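Colleague: here you go, sequence then predicted model.
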Amino acid sequence: MSWIIAIAIIVLGVVLTLIRAMLGPTAADRMVAVDSMTTITTALLVLLALYFKRYIYLDIALVYAVLAFVATLAVARYMEGGL
């Protein structure tokens, strides 16, 4: 039962950051919301790996986090005018 509560809280966090990403007044606010959403999704993947005892999901979460970090850096450089 505690797994369901934890996953429900994480899904609620994703929904709230999705709302912020849609309503954000500036592009920077939207980017921070998307970055937060990827972090929360990484936490969800880790919880799913523990719940299903499929530890390949941990590798997927790690790759997802690295790709999200690189994407955030690329968008930040683009917004700064460096790309």
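Modeller: Perfect, thanks for sending it.

Colleague: would you mind pulling the contact partners of stretch 62-74?
Modeller: Defining contact as Cβ atoms under 8 Å, 6 or more residues apart in numbering, one finds that stretch 62-74 is touched by 31, 35, 38-39, 41-42, 45, 83. Heads up, the C-betas are built off the backbone N, CA and C, glycines and all.

Colleague: now the most centrally placed residue in the chain: which helix or strand?
Modeller: Centroid-nearest residue in the chain, with Cα atoms, centre = their mean: Thr38, separated by 1.2 Å. Following DSSP states H and E, one finds Thr38 within helix 27-52.

Colleague: ok, now Arg77?
Modeller: Assigned by DSSP H and E, Arg77 belongs to helix 56-80.

Colleague: where in this protein is pLDDT low?
Modeller: Of all residues in the chain, those with pLDDT under 70 make up the ranges 83.

Colleague: let's go with 80 and repeat that
Modeller: 1, 82-83 (pLDDT under 80).

Colleague: mind listing what's buried in the helix holding Thr38?
Modeller: With burial defined by 16 or more other Cβ atoms under 10 Å, the residues of helix 27-52 counted as buried are 30-49.

Colleague: over to stretch 4-20?
Modeller: Across stretch 4-20, burial judged by 16+ other Cβ under 10 Å covers 10, 13-14, 17, 20.

Colleague: repeat for stretch 69-78
Modeller: Using 16+ other Cβ under 10 Å as the test for burial, stretch 69-78 gives 72, 75.

Colleague: related to what we said a few turns ago, for Pro25, see how far away the closest residue to the residue nearest to the centre of the chain other than its chain neighbours is.
Modeller: Excluding the flanking residues, the one nearest Thr38 by Cβ to Cβ, 6 or more residues apart in numbering is Ala68, at 3.7 Å. Separation of Ala68 from Pro25 (Cβ to Cβ, to the nearest Å): 23 Å.

Colleague: again, but for Met37
Modeller: Applying Cβ to Cβ to Met37 and Pro25 gives a distance of 18 Å.

Colleague: run the chain-centre distance for stretch 51-65.
Modeller: 14 Å (Cα atoms, centre = their mean, to the nearest Å).

Colleague: thank you kindly, that will do.
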